[in-house]
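A.B. asks: Need coordinates for the following:
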Amino acid sequence: MSSNPNAPDARRRRSAARLAAVQALYQQSVAGTATPRLLNEFHNHRLGAEIETDEGEDRLTDADRPFFDDLVSGSLARADELDETITRFLGAGWSLDRLDRLMLQILRCGAYEMLARPDVPRAAVVSEYVDVAHAFYEAREAGFVNALLDRLGKSVRAE
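C.D. replies: As a prediction, this is how the structure comes out:
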């Protein structure tokens with residue numbers, strides 16, 4: 001495996017880590033699973049797991065595990081700070097309470113990466129979480145993720 005985070009395989013592994021991190025954060029928000037147990041469950045049963053498809057079995061792209069761990073652990077540890085930051089960029093009449101649970105996890109994870117991972121370009125963070133949003137939502141919601149993370153990113157990074 002290449003150590004270059006911009007290599008195609010590394011980018012796919014990071015994309016898989018982001019999607020899995022949002023799923024882990026969602027699971028934690030529903031079930032209250034402790035962080036070590038949550039990470040262990042994803043490492044052992046979800047990341048790179050085989051899945052059934054119409055064509056038979058397929059293996060999911062294995063995630064960049066250290067990156068996944070950082071996204072999950074950091075997002076959980078800094079949830080209050082992330083929520084305050086997200087709230088600053090919500091439109092008039094919006095509050096965190098109006099966001100569904102999954103959307104909040106997408107925004108938290110994206111905000112965490114924007115704030116804590118300066119090694120990842122701002123545009124890449126926005127694009128990746130728009131892709132995550134497309135996995136669960138229609139274009140309108142993905143556009144919401146794009147707009148919020150773009151404004152947040154421009155305010156916290158001078159790229």
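A.B. asks: same question for stretch 85-99, mean pLDDT?
C.D. replies: Computed over stretch 85-99, the mean pLDDT rounds to 90.
A.B. asks: residues of it that come out buried?
C.D. replies: Buried residues in stretch 85-99, counted by 16 or more other C-beta atoms under 10 Å: 85-86, 89-90, 99. For the C-beta atoms, the positions are set from N, CA and C on the backbone; glycine is no exception.
A.B. asks: following the longest helix seen in the chain, which helix or strand comes up?
C.D. replies: Using DSSP state H to define each element, the chain has its longest helix at helix 8-31. Going down the chain from helix 8-31, the next helix or strand is helix 35-45, by DSSP states H and E.
A.B. asks: Need the residues that contact that next one.
C.D. replies: Contact partners of helix 35-45, identified using C-beta atoms under 8 Å, 6 or more residues apart in numbering, comprise 20, 23-24, 27-28, 33, 65, 68-69, 72-73, 76.
A.B. asks: Tabulate these in CSV, adding columns for neighbour count and pLDDT.
C.D. replies: Compiled in CSV, those are given as follows (neighbours: other C-beta atoms under 10 Å; pLDDT from 0 to 100):
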residue, neighbour count, pLDDT
A20, 26, 93
Q23, 18, 94
A24, 28, 95
Q27, 17, 94
Q28, 19, 95
T33, 16, 91
R65, 17, 92
F68, 24, 95
D69, 18, 96
V72, 25, 97
S73, 17, 97
L76, 18, 97
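A.B. asks: Same list (these) but as JSON lines, adding distance to R108.
C.D. replies: What follows is the contacts of helix 35-45, written out as JSON lines (distance: C-beta to C-beta, whole Å):
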{"residue": "A20", "distance to R108": "14"}
{"residue": "Q23", "distance to R108": "13"}
{"residue": "A24", "distance to R108": "11"}
{"residue": "Q27", "distance to R108": "13"}
{"residue": "Q28", "distance to R108": "11"}
{"residue": "T33", "distance to R108": "16"}
{"residue": "R65", "distance to R108": "20"}
{"residue": "F68", "distance to R108": "15"}
{"residue": "D69", "distance to R108": "16"}
{"residue": "V72", "distance to R108": "10"}
{"residue": "S73", "distance to R108": "12"}
{"residue": "L76", "distance to R108": "9"}
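A.B. asks: quick one: the strands in the chain?
C.D. replies: Remark: strands assigned in the chain by DSSP state E are 50-53, 56-59.
A.B. asks: Give me the phi and psi angles of W94.
C.D. replies: The phi and psi values for W94, taken as degrees, to the nearest 10, are phi -100, psi 150.
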